[in-house]
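Enquirer: got a structure for you, letters missing:
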């Protein structure tokens, strides 16, 4: 049975840890430092069990051929690692989002699209407490496999995400409605497509939708204006582009695919 990667409550995370060696092969891009945090089960069963570790493992197995895996943690006690101004946010050993170039997260998303469920009972990492890309290693890419958090149909995407993007985050990918667990091949397909030079956004849309046609993958970026934004939405693992912060942001843009 498929399980929605969403929850009606809140959540937290760090216990599993896997540090891989340097990239095994030469890369067409300067190797990025990547952090991964994923969660299958939740304290006291307060959020539904999901199969996400398999996807995360497949992503790691593929991406480590060209990039560095700095950490692989679960989400126990994880909320502080997403909070701007908290020391854990820039700490690699703490699984901090701003301690790497590329952050990959898989868990439930809250049904109100406000953030991400942690393992700990009634705990979450909320978008309102994030300012991504302004501290530490200044994360450039934020990839999240969770329902609802990229919702645009209610007209409040920027109300939720503005604070996070104002830190200088260059691109983020996620789901604007339902995403389902299982079909772990989307992990290595996402990584492999990016390694082949496809845009990060296109790699995500293709890999997630074809893993399950009911999925609703999305990608979002910012720009100095609308044209610049859509250009940046096409960035690949070279990443490039100067970070835009606060008043430098003149536009935000998103694209997504709907499930069948």
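Expert: Sure thing, it's come through. No experiment lies behind these values; they were computed from the predicted model shown.
Enquirer: shaky segments in this protein?
Expert: Along the chain, segments meeting pLDDT under 70 span 1-28, 260.
Enquirer: run through the bridge partners of the spatially most central residue of it.
Expert: Of all residues in the chain, the one closest to the mean position by C-alpha atoms, centre = their mean is residue 143, 2.1 Å from it. Counting by DSSP bridges, residue 143 forms beta bridges with residue 104, residue 173.
Enquirer: residues touching it, list them.
Expert: Applying C-beta atoms under 8 Å, 6 or more residues apart in numbering to residue 143 gives the contacts 102-105, 172-174, 190, 200, 204. Glycine gets a C-beta too; all of them are placed from N, C-alpha and C.
Enquirer: out of those, which one sits closest to residue 60?
Expert: residue 104 (8.5 Å; C-beta to C-beta).
Enquirer: wait, that closest one sits on residue 35?
Expert: Yes: taking contacts as C-beta atoms under 8 Å, residue 104 lies within contact range of residue 35: 7.1 Å.
Enquirer: next up, the contacts around the residue nearest to residue 130 when sequence neighbours are not counted.
Expert: Spatial nearest neighbour of residue 130, excluding adjacent residues (C-beta to C-beta, 6 or more residues apart in numbering): residue 164 at 4.1 Å. Shown in contact with residue 164 (C-beta under 8 Å, 6+ apart): 127, 130-132, 142, 172.
Enquirer: list the buried ones in the strand or helix carrying residue 164?
Expert: Residue 164 is part of helix 157-165 when elements are defined by DSSP states H and E. Of the residues in helix 157-165, 157-158, 160-161, 163-165 count as buried by neighbour count, 16 or more other C-beta atoms under 10 Å.
Enquirer: which of the residues you listed lies closest to residue 68?
Expert: Out of these, the member with the shortest distance to residue 68 (by C-beta to C-beta) is residue 164, at 23.8 Å.
Enquirer: how much space between the closest one and residue 198?
Expert: 24 Å (C-beta to C-beta, to the nearest Å).
Enquirer: before we move on, what about residue 30?
Expert: Counting by C-beta to C-beta - residue 30 and residue 198 are separated by 18 Å.
Enquirer: in TSV, list the contacts of residue 164 along with distance to residue 71 and neighbour count.
Expert: Listed next are the contacts of residue 164 as TSV, based on distance: C-beta to C-beta, whole Å; neighbours: other C-beta atoms under 10 Å:
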residue	distance to residue 71	neighbour count
127	22	21
130	18	25
131	21	20
132	17	28
142	15	23
172	19	27
